[in-house]
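Asker: Have a look; sequence and predicted model below, questions after that.
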Amino acid sequence: MIIDAHAHLCRAPVGLDKIVECGRLEQVWLMDVSGCELSTNDFASEAEILQASKDFPNFFIPFGYLDLRKQPDCIEQLKEKGFFGLKAYRPEKPYDALEYFPFYERAEKLGMPILFHTGIVEKCSRRQMGSHLSCGPTNMRPAHLASIAAAFPGLTLIGGHLGYPWLDETAENLYYYPNIYHDLSGYRKDIEWLIRNLDHKCHDGNEKRYFNDKILFATDALCYGNEQGHAEAFKLMDFWTLFLEMIGGNYYRWGEPEERKKILYCNAKRIYDFILKNRSGK
Ligand SMILES: [Zn+2]
């Protein structure tokens, strides 16, 4: 089975039952970015994402838009609405600006993981999105996750993508911080880095952890909820399954069957189970 840890839904989605019943996916983590009001994409509304997660509970896992322009109590409201986690995207200031810390503090307290987009980002002019958001990637560098992870050790951070072109910063996140993960979706140019780095050992306080214990499969650059998006999702599942098996399996430790299963499934599953357990223990 596969878990898609960073995905999107299109407006007026159809055929979701086909995805749920396809037999290859156990979960799809849906990111709401409707708060950015992007005119470049036809993303689902917050209500549509919540509806999909209600229609298919434990399959579509909803992440609400972490709107850093609002007040920190918006986090409680998102939790009450039914969001499992949060998605940060296009902040006006760098993610690690101190004024954003009250948001992270609440997310940690409520046990809500945050997926932060990192690195290269779709070109959007100011007219193509809401106000007080960033057009470029420099407020979303992987290194910004480091101080948040250190300040809030109980918070789970997922760097969306591998943070190109700041791949060294991503490596430091994975190496040093036990609560930072990254997903492999997005810019395919970073695949050379991935091949070279998946076997690197971490020094994050956990016994025998390697980078491939902290990388999650994800689709991102497509939308569930229409036929074309579903076809692309299957294509990506095929691609990464074959890549991990036929490149990894032949030449690297991370390509061993039980290792590549971590990337496709176990790492995300562990995060999900840990968060639920952590919440029930409070
Ligand atoms: Zn995304």
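Answerer: Great, that's in hand.
Asker: ok, so what distance separates the residue nearest to Cys202 when sequence neighbours are not counted from Arg196?
Answerer: Leaving aside its sequence neighbours, Cys202 sits nearest to Arg209 (C-beta to C-beta, 6 or more residues apart in numbering; 4.2 Å). All C-beta atoms are positioned from the backbone trio N, CA, C, and that covers glycine. To Arg196, Arg209 is 18 Å away according to C-beta to C-beta, to the nearest Å.
Asker: cool, and Gly136?
Answerer: Relative to Arg196, Gly136 is positioned 27 Å away (criterion: C-beta to C-beta).
Asker: got it, and Thr219?
Answerer: Between Thr219 and Arg196 the distance is 23 Å, computed by C-beta to C-beta.
Asker: These two: which has the busier surroundings?
Answerer: For Thr219 versus Arg196, neighbours defined as other C-beta atoms under 10 Å are more numerous around Thr219 (26 against 13).
Asker: Spell out, range by range, the helices that occur in this protein.
Answerer: The residue ranges that make up the helices of the chain, judged by DSSP state H, are 16-20, 46-55, 74-81, 101-110, 144-151, 167-176, 191-197, 227-243, 249-251, 257-261, 267-280.
Asker: Of these, which is nearest Ala5?
Answerer: helix 267-280 (4.5 Å; C-beta to C-beta).
Asker: For that closest one, which helices and strands make contact with it?
Answerer: Contact here means 3 or more C-beta pairs under 8 Å, 6 or more residues apart in numbering; DSSP states H and E; on that basis helix 267-280 packs against strand 2-9, strand 25-31, strand 215-216.
Asker: Which among those strands is found nearest to Gln128?
Answerer: Gln128 lies closest to strand 2-9 among the helices and strands packed on helix 267-280, at 16.7 Å (C-beta to C-beta).
Asker: What's the mean pLDDT across the closest one?
Answerer: When the per-residue pLDDT values of strand 2-9 are averaged, the result is 98.
Asker: Numbering from 515 from now on, please.
Answerer: OK, 515 is where the count begins now, so the last one is strand 516-523.
Asker: Which residue is most remote from the mean position of the chain?
Answerer: Note on the chain: the largest separation between a C-alpha and the mean C-alpha position, by C-alpha atoms, centre = their mean, falls on Asn764 (28.1 Å).
Asker: returning to that earlier point: wait, what's in contact with the residue nearest to Cys716?
Answerer: Arg723 makes contacts with Pro692, Lys715, Cys716, as judged by C-beta atoms under 8 Å, 6 or more residues apart in numbering.
Asker: For the first one, which non-adjacent residue is closest in space?
Answerer: Counting by C-beta to C-beta, 6+ apart, Pro692 lies nearest to Asp718, which is 4.1 Å off, once chain neighbours are set aside.
Asker: what does the second one give?
Answerer: In space, and not counting its chain neighbours, Lys715 is closest to Tyr724: 5.7 Å by C-beta to C-beta, 6+ apart.
Asker: Please tell me I have it right and the one you found contacts Cys716.
Answerer: Yes. The pair formed by Tyr724 and Cys716 meets the contact definition of C-beta atoms under 8 Å, at 6.4 Å.
Asker: quick one: the residue nearest to Lys715 and Leu530, what's the gap?
Answerer: Counting by C-beta to C-beta, the separation of Tyr724 from Leu530 is 35 Å.
Asker: now do Tyr690
Answerer: From Tyr690 to Leu530 the distance is 39 Å (C-beta to C-beta).
Asker: In terms of neighbours, single out the busier of these two.
Answerer: More neighbours surround Leu530 than the other of Tyr690 and Leu530, with 20 against 15 (other C-beta under 10 Å).
Asker: Which of the contacts of Arg723 are buried? Put it as a PyMOL command.
Answerer: Once 16 or more other C-beta atoms under 10 Å is used to decide burial, the buried members of the contacts of Arg723 can be selected in PyMOL as follows:
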select buried, resi 692+716
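Asker: Export the contacts of Arg723 as JSON lines, with columns for distance to Leu592 and pLDDT.
Answerer: Formatted as JSON lines, the entries for these read as follows, by distance: C-beta to C-beta, whole Å; pLDDT from 0 to 100:
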{"residue": "Pro692", "distance to Leu592": "25", "pLDDT": "97"}
{"residue": "Lys715", "distance to Leu592": "36", "pLDDT": "96"}
{"residue": "Cys716", "distance to Leu592": "31", "pLDDT": "96"}
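Asker: Nice, that's everything, thank you.
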